[in-house]
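> This is a predicted model, with the sequence first.
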Amino acid sequence: MAHELAHGGDDHHHAPSYGGMVRWLTTTNHKDIGLMYLIFAVTMLLVGGSLILAVRAELFQPGLQLMQPQFFNQLITLHGLIMVFGFAMPAATGLANYMLPLTLGAPDMALPRLNNWGFWILPPAALMLTMPFLLGIFGIGPGAVDTGWTMYAPLSVQSGWGMDFAIFAVHMLGMSSILGSINVIVTILNMRAPGMTFMKMPLFAHGLLLTAILLIVIMPVLAGGVTMLLMDRHFGTHFFSAAGGGDPVLWAHIFWFMGHPEVYVLLLPICGLIPGILSAFSRKPTYGYRAQVYAMWGIAILSVVVWAHHMFTSGMSVPGQLYFMYSTMLISLPLAVLFFCWIATVWRGSLSFEIPMLFALGFIILFGWGGLTGLVLADAAADPQYHNTYFLVAHFHYALYPTTVMGAMAGIYYWLPKWTGHMPNETLGRLHFWLVMIGFNLTFIPQFLVGLAGMPRRIPDYPLMFSEWNMLSTVGAFILGASHLVFIYVVFQCIRGGEKAQAKSWEGSQGLEWTVPSPAPYHTFDQQPVIK
């Protein structure tokens, strides 16, 4: 089945003929590698999701039912690290590997061996991150890292050896991201089809290019930070120890210099992907192509100068707070441009609501809510009220879940006919969408409310006054978790068979059969010559 998925559609570059595991270990085919990234990402999504379902089960009622606070903290920490580094980034890289050469008219990625190496760093890194947790369950060692995914000093300096495993895992995951980024940049710069200038590239390629540039800027900073942390833990340095002349807040600056652009690393590939889906299912050209390109560049540039809005409660000077407040609010302007262009693309279009379109519209609605609640948190005067409450948890899930999960699923559903030669089951796909929308909102709307009422995050117990909202949130989380099983079933069913996909699988999508009198845009890859 995997072979069929890896070689669906037109294939310019065949993998070696030997079969079995050796082929997957040594393949340099961009489709094979993209597929392995996506399988890895979905596996990590299930692992990270199951960890947080255990947390929600504990929070179903007040009091300690299922676990002790230290184990609770391990679950929360691993959930964050796995979802960001193990699911979201590999999912974007997988879509990039599979589709970027096809959209640019290139025969393969520019550096295929590097591509293979970049992927095969990931499974050992994931094993290293989760192994202390598994050993801890059997009573061996102190268990997994339990500091929260931000790994704040001085707690991370004093934590058990699960922290060392996390440090090395983050190093390896970061290295994989950098290798993938180098490959994306070289492919886009050197392997575009003849005549495809930068302003004729698909928006998907622009989003991936900016993501790759950001990763190369920010991941070495995090690598330096965790190396300093390792030195503090084992070699007697005092980078983050106030008693030795260091500063614990330095760690927060290093981490968030990586952590905030990371949010846009996860967003930009999806910002490139969504306009094509909206255009396809509204039978209209993408509105504001240039505006969207410039907006994405604006987001990428501003994203590296707003990091300390995560640190308003750390004792920052008033001028520092003002600067980070205003720069954070400024980044909402290019985001607003993107939203305007997306809405204008579907405005008065000949709309149809197949599965990819549902997920694209769901992404816009939920991510818009994430953005609006972010403006509340960006206010330096209001933030101390909300920071470290469940309001913050709900906000960043509204920012990240629609982006990473719903955006990636919109892309996967959109391209499944091209990959497999079969159409996905429309009924089950719609069921998946509505389970996601109901489950997600039922999980996180109550968290906004308990957060406003003052319930702190990362605490396994809470007062009785919050119990009804937490029950609702837990029920929503299990509905959301079940929705991913429906998704996996739809994909497997699509690989095995089903309705045959036509040459232009989604009516009006690739063929650009306009029902409006506007001309077709000249930057669609349909009209570019493909290198044979």
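Done, it's in.

> which residues of the protein fall in strands?
In the chain, no strands are defined using DSSP state E.

> so where's it shaky on pLDDT?
1-19, 505, 507-532 (pLDDT under 70).

> Report all helices and strands that the biggest helix by length in it contacts.
When the chain is parsed with DSSP state H, its longest helix is helix 248-282. Judged by 3 or more C-beta pairs under 8 Å, 6 or more residues apart in numbering; DSSP states H and E, the packing partners of helix 248-282 are helix 89-104, helix 203-234, helix 289-303, helix 332-346, helix 355-378, helix 390-400, helix 407-420. All C-beta spots, glycine's among them, are computed from the backbone N, C-alpha and C.

> okay, those helices, which one's buried deepest?
helix 89-104 (a mean of 26; mean count of other C-beta atoms under 10 Å).

> before we move on, the earlier item: buried set for the longest helix of the chain?
The neighbour-count check on helix 248-282 (16 or more other C-beta atoms under 10 Å) flags 248-249, 251-282 as buried.

> same question, stretch 101-120
So stretch 101-120, judged by 16+ other C-beta under 10 Å, has buried residues 101-106, 108-112, 115-116, 118-119.

> Most widely separated two among these?
Gly105 and Phe119 (23.6 Å; C-beta to C-beta).

> Was I right to think Ala193 contacts Pro101?
No: contact between Ala193 and Pro101 fails when scored by C-beta atoms under 8 Å: they sit 10.2 Å apart.

> Show the backbone phi and psi for the residue nearest to Gly160 when sequence neighbours are not counted.
Spatial nearest neighbour of Gly160, excluding adjacent residues (C-beta to C-beta, 6 or more residues apart in numbering): Pro142 at 3.1 Å. Main-chain torsions, Pro142, degrees, to the nearest 10: phi -80, psi 0.

> which residues touch Pro142?
132, 136, 160-162 (C-beta atoms under 8 Å, 6 or more residues apart in numbering).

> Are any of these buried, and if so which?
132, 136, 160, 162.

> Count the neighbours of Leu431 for me.
15 (other C-beta atoms under 10 Å).

> Tell me the spatial nearest neighbour of it, not counting adjacent residues.
Using C-beta to C-beta, 6+ apart, the closest residue to Leu431 is Val486 (6.0 Å).

> To what extent is that neighbour buried, counted in neighbours?
With other C-beta under 10 Å as criterion, Val486 counts 17.

> Run through the residues that contact it.
So Val486 contacts 428, 431-432, 435 (C-beta under 8 Å, 6+ apart).

> Return a ChimeraX selection command for the buried portion of these.
To isolate the buried members of these in ChimeraX, using 16+ other C-beta under 10 Å:
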select :428,432,435
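
> quick one: which of the contacts of Val486 sit in helices?
428, 431-432, 435.

> is it possible to export those to a markdown table including distance to Trp149?
Shown next, in a markdown table, are those (distance: C-beta to C-beta, whole Å):
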| residue | distance to Trp149 |
| --- | --- |
| Leu428 | 33 |
| Leu431 | 31 |
| His432 | 27 |
| Leu435 | 26 |
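
> of all those, which two lie farthest apart?
Leu428 and Leu435 (10.3 Å).

> Can you report how many residues neighbour the closest residue to Leu358 other than its chain neighbours?
Spatial nearest neighbour of Leu358, chain neighbours left out: Phe433 (4.5 Å); criterion: C-beta to C-beta, 6+ apart. By other C-beta under 10 Å, the residues close to Phe433 number 25.

> Quickly note the distance from the nearest residue to Phe487 once chain neighbours are set aside to Val486.
Distance criterion C-beta to C-beta, 6+ apart; nearest residue to Phe487, sequence neighbours excluded, is His432 at 5.2 Å. His432 sits 4 Å away from Val486, going by C-beta to C-beta, to the nearest Å.

> Contact partners for Tyr294?
Tyr294 touches 334, 337, counting by C-beta under 8 Å, 6+ apart.

> From Leu273, how far out is it?
18 Å.

> same question, Arg496
26 Å.

> And for Ser473?
Ser473 is 29 Å from Leu273, by C-beta to C-beta.

> got it, and Tyr287?
Taken as C-beta to C-beta, the span from Tyr287 to Leu273 is 16 Å.

> just Gly298 next, same as before
Taken as C-beta to C-beta, the span from Gly298 to Leu273 is 19 Å.

> Next, count neighbours for Lys53.
Let me fix one detail, which is that residue 53 is Leu and not Lys. 18.

> so how many other residues sit close to Ala125?
20.

> mind listing what it touches?
Ala125 neighbours (C-beta under 8 Å, 6+ apart): 85, 169, 172-173, 176.
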